[in-house]
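A.B. asks: here is the input, now give the coordinates:
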Amino acid sequence: MKRYIGITIFITLFISTVSIIAILTARGYNFAGTEIKESGILNITSNPNTSEIYINNEKKTTTPNKIELISGEYEIKVVKDGYSDWKKKILIEPTIVTDIAVTLFPEELKLEQLTFTNIDNAFFSENGSYVIYTIHTEPNKGIWLAKLEKSIFELSSSPAAKITNLDILPEYCIENSNMNIIFSSSNNKVIISCNSGSNISYTLLDIENTNNKPININEEINFNPQKIDFSFNDDNLFIYGDNFIGNFNTNSKELNLISLFNQENPVFLTPFKDTYLILEKSYDGESNLLYQLDSNLKKNLINISDKLVTNSIKKIYGSKYNTFVVITTDNNTSSIINLEQIPSNDIYLVTESLIDILSWSNDGKAFLYTEDNILKSAIIKTEYNVQFKVETYTLIENYSIESFDISWTKNSGQIIIYDFINKTIYITDKDSSNHRILYSNEAILPLSYKLSENETFLVLILKDDKDYSNLYSLKLKI
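C.D. replies: You can find the predicted model right below:
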């Protein structure tokens, strides 16, 4: 009997100990020797992959990898033959997942000319897979499309193709080069806008099937809109008027009203994963309402957490890549909320002032914003229990949209900055460390660069000593 009782007690103690260890481990504790210490996760990826990871000068493993580390500061180094080393001190915090996306660059960057036809303007798809450029002189006059190859831009394997003549555009657009091109998410269609000063004309062009006739949107809807953008797919467009937002279907030719507003109470429309969020006033004008707009143009009311009064919301900024949204309020605060956790969600205060969001990273875990003419980045860090915190960093002290152009790398770890004044393109980590100049030259044209689809090279437009412009590539992988 005593032996049976002893075995029972041992088993009970063993199960209890294992359970306690499991609970502590799940909560981010690490058993180091005889001590129990809190730990966090370093989630590290790199471009290129299989780069060596050193922690405190000791080689550990290769990328990509998730490494559990006891909380504290570490020196992380990522190394690959032929590339410049990446190095940074990282603070590992208890229960926090720290995401590090590293981009390594060759020790020597090589420039190569791609076109020899004197192009006028170039416009790149969002993911860097295509470029459309215009040529105003014979014999190549027209609008051209080229695919940016995954390894290196080779005109022999993927020749540029003329997709249409310039006469589809208004004369003032051709003469003044006052145009812009927006690609659809599928890259099969583009919207070409031309600003005459008094109005903007919009043309929808099917670049997948160039036999389809271009559509003059202004003529189809019978007025001049303030803005047009793709909505849920290639065939649906958001139409912005003076006091309304609508959706125009290019197949059915139907224009459906989404929201009415006035100048005192404008509507705020923002992406949210595969849908959109709409912040608008109620019919009586007494309260703010937040809706989620689905692909059938149905508005579904969202009830915000009790911690935030919907009526105090001034602006809302969502992302196509995550469920976090930034909210600015009437009491001059800017906060982050995770709409997927409603109604028990946390509100995280970013700053006690109003900010303007410029862009979200491609993973939806960071964003760029301006505050008092300072460009900053905000990085969202999640905990084991799905709670989150936000860290902010200063990138540019005296920022203006006229002096800088900003874009994210695909892995969301770095930010590419084009300094108009100093004619320099450089890259920096999203926390402002690891600066690297990619190219600096007076020949760079404004707003004329893009990383290729898998970021193996940077495409840019340079002007030569004869005042001719052409596309060039800067090789970023060996």
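A.B. asks: which SSE is residue 218 in?
C.D. replies: Using DSSP states H and E, residue 218 sits within helix 217-221.
A.B. asks: where along the stretch 351-478 of the chain do the strands fall?
C.D. replies: In the stretch 351-478 of the chain, the strands defined using DSSP state E, counting those that start in this stretch lie at 356-360, 366-371, 374-382, 388-396, 404-408, 414-419, 424-429, 436-440, 444-451, 457-463, 469-475.
A.B. asks: direction included, what does the fifth one pair up with?
C.D. replies: The reference is to strand 404-408. strand 414-419 (antiparallel) (DSSP bridges).
A.B. asks: hey, C-alpha coordinates of the strand it pairs with in PDB?
C.D. replies: The C-alpha trace of strand 414-419 is given here as PDB (Å, rounded to 0.1, in the frame of the first residue of the first chain):
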ATOM      1  CA  GLN A 414      13.900  48.000 -45.500                       C
ATOM      2  CA  ILE A 415      12.800  51.400 -46.900                       C
ATOM      3  CA  ILE A 416      14.100  52.800 -50.100                       C
ATOM      4  CA  ILE A 417      14.500  56.600 -50.100                       C
ATOM      5  CA  TYR A 418      15.100  58.800 -53.100                       C
ATOM      6  CA  ASP A 419      16.500  62.200 -52.100                       C
END
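A.B. asks: any idea what the residue lying closest to residue 203 once chain neighbours are set aside is bridged to?
C.D. replies: Spatial nearest neighbour of residue 203, excluding adjacent residues (C-beta to C-beta, 6 or more residues apart in numbering): residue 192 at 4.5 Å. Bear in mind the C-beta positions are built from the backbone N, C-alpha and C, glycine included. Taking DSSP bridges as the rule, residue 192 bridges to residue 181, residue 203.
A.B. asks: go on, residue 92?
C.D. replies: Per DSSP bridges, the residues bridged to residue 92 are residue 72.
A.B. asks: now it: how far from residue 220?
C.D. replies: 56 Å (C-beta to C-beta, to the nearest Å).
A.B. asks: can you show me the strands along the stretch 201-350 of the chain?
C.D. replies: Along the stretch 201-350 of the chain, the segments classed as strands by DSSP E, counting those that start in this stretch run 215-216, 227-230, 236-240, 244-249, 254-260, 268-272, 275-281, 288-293, 299-301, 313-317, 324-329, 334-338, 347-351.
A.B. asks: the more surrounded of residue 92 and residue 220?
C.D. replies: Shown here are residue 92 and residue 220; by other C-beta atoms under 10 Å, residue 92 has more neighbours (21 against 14).
A.B. asks: quick check, pLDDT for that one.
C.D. replies: For residue 92, the pLDDT comes out at 91.
A.B. asks: surely it touches residue 68?
C.D. replies: No: between residue 92 and residue 68 there is no contact under C-beta atoms under 8 Å: 9.1 Å.
A.B. asks: need the overlap of contacts for the two.
C.D. replies: Listed contacts common to residue 92 and residue 68 are 39-40, 42; contacts here mean C-beta atoms under 8 Å, 6 or more residues apart in numbering.
A.B. asks: can you give me the end-to-end distance of stretch 364-380?
C.D. replies: Terminal residues of stretch 364-380 lie 9 Å apart, using C-alpha to C-alpha, to the nearest Å.
A.B. asks: how about it: buried residues?
C.D. replies: Neighbour counts over stretch 364-380 (16 or more other C-beta atoms under 10 Å) mark 364-371, 375-380 as buried.
A.B. asks: can you tell me which two in those residues are farthest apart?
C.D. replies: 364 and 371 (20.5 Å; C-beta to C-beta).
A.B. asks: if we can go back for a sec, reformat the strands of the stretch 201-350 of the chain as TSV; add mean neighbour count and distance to residue 79.
C.D. replies: What follows is those, written out as TSV (neighbours: other C-beta atoms under 10 Å; distance: least, C-beta to C-beta, whole Å):
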stretch	mean neighbour count	distance to residue 79
strand 215-216	16	52
strand 227-230	16	42
strand 236-240	20	46
strand 244-249	18	50
strand 254-260	15	52
strand 268-272	19	37
strand 275-281	20	42
strand 288-293	19	45
strand 299-301	12	50
strand 313-317	20	37
strand 324-329	22	33
strand 334-338	21	35
strand 347-351	16	35
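A.B. asks: make a markdown table out of those and add distance to residue 121.
C.D. replies: Listed next are these as a markdown table, based on distance: least, C-beta to C-beta, whole Å:
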| stretch | distance to residue 121 |
| --- | --- |
| strand 215-216 | 20 |
| strand 227-230 | 19 |
| strand 236-240 | 22 |
| strand 244-249 | 26 |
| strand 254-260 | 30 |
| strand 268-272 | 26 |
| strand 275-281 | 30 |
| strand 288-293 | 33 |
| strand 299-301 | 38 |
| strand 313-317 | 29 |
| strand 324-329 | 33 |
| strand 334-338 | 36 |
| strand 347-351 | 37 |
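A.B. asks: tabulate those (JSON lines), appending distance to residue 62 and mean pLDDT.
C.D. replies: Formatted as JSON lines, the strands of the stretch 201-350 of the chain follow (distance: least, C-beta to C-beta, whole Å; pLDDT from 0 to 100):
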{"stretch": "strand 215-216", "distance to residue 62": "50", "mean pLDDT": "94"}
{"stretch": "strand 227-230", "distance to residue 62": "40", "mean pLDDT": "96"}
{"stretch": "strand 236-240", "distance to residue 62": "44", "mean pLDDT": "96"}
{"stretch": "strand 244-249", "distance to residue 62": "48", "mean pLDDT": "95"}
{"stretch": "strand 254-260", "distance to residue 62": "49", "mean pLDDT": "93"}
{"stretch": "strand 268-272", "distance to residue 62": "35", "mean pLDDT": "92"}
{"stretch": "strand 275-281", "distance to residue 62": "38", "mean pLDDT": "90"}
{"stretch": "strand 288-293", "distance to residue 62": "41", "mean pLDDT": "89"}
{"stretch": "strand 299-301", "distance to residue 62": "45", "mean pLDDT": "90"}
{"stretch": "strand 313-317", "distance to residue 62": "37", "mean pLDDT": "88"}
{"stretch": "strand 324-329", "distance to residue 62": "30", "mean pLDDT": "89"}
{"stretch": "strand 334-338", "distance to residue 62": "33", "mean pLDDT": "88"}
{"stretch": "strand 347-351", "distance to residue 62": "34", "mean pLDDT": "85"}
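A.B. asks: of these, which approaches residue 472 most closely?
C.D. replies: Nearest of the strands of the stretch 201-350 of the chain (C-beta to C-beta): strand 227-230, 29.2 Å.
A.B. asks: for residue 165, phi and psi?
C.D. replies: Backbone geometry at residue 165, expressed as degrees, to the nearest 10, gives phi -80, psi 160.
A.B. asks: okay but it is in contact with residue 144, surely?
C.D. replies: No: with contact defined as C-beta under 8 Å, residue 165 does not reach residue 144; the gap is 11.1 Å.
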